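Chemist: structure for the following, please:
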Amino acid sequence: MTSSTGATDEPTFEALYSRLEEVSMRLEAGNLPLADSIALYEEGMRLAQHCQTMLAQVEQRIERLRDTYEDGAER
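Modeler: Below is the predicted model:
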């Protein structure tokens, strides 16, 4: 979904990464019931995958920009 400014309602990389850090710290601290630990682990895996996907998209964008710049510089 997009807002009136054209931006998506998708969380930012920074927000996702921050939540991933929180999840990681809670898991590392321990003292959680098994069911809670499993739920947090699953959330962490989803967050990590989402962050990885976002980074891959940014990497592709940078490569396209670099290719465009290099093509223009050769002319």
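
Chemist: now do the contacts for Leu40.
Modeler: The contact partners of Leu40, by C-beta atoms under 8 Å, 6 or more residues apart in numbering, come to 23, 26-27, 32. (Each C-beta comes from the backbone N, C-alpha and C, glycine too.)

Chemist: pick the one among the residues you listed closest to Gln57.
Modeler: Among the contacts of Leu40, Val23 lies closest to Gln57 (C-beta to C-beta), at 22.2 Å.

Chemist: secondary structure element holding the closest one?
Modeler: Using DSSP states H and E, Val23 sits in helix 13-29.

Chemist: so for this structure, the centremost residue is which one?
Modeler: Nearest to the geometric centre of the chain sits Cys51, at 2.0 Å (C-alpha atoms, centre = their mean).

Chemist: so is it in a helix, a strand, or just coil?
Modeler: Classification of Cys51 by DSSP: H, G, I helix; E, B strand; the rest coil places it in helix.

Chemist: shouldn't it be in contact with Leu16?
Modeler: Yes: if you go by C-beta atoms under 8 Å, Cys51 and Leu16 touch, sitting 5.3 Å apart.

Chemist: what angle separates the lowest-mean-pLDDT helix or strand in the chain from helix 13-29?
Modeler: Lowest on mean pLDDT, DSSP states H and E among the helices and strands of the chain sits helix 34-74, with a mean of 93. Going by axes from the mean of the first three to the mean of the last three C-alpha atoms, to 10 degrees, helix 34-74 is angled at 150 degrees with respect to helix 13-29.
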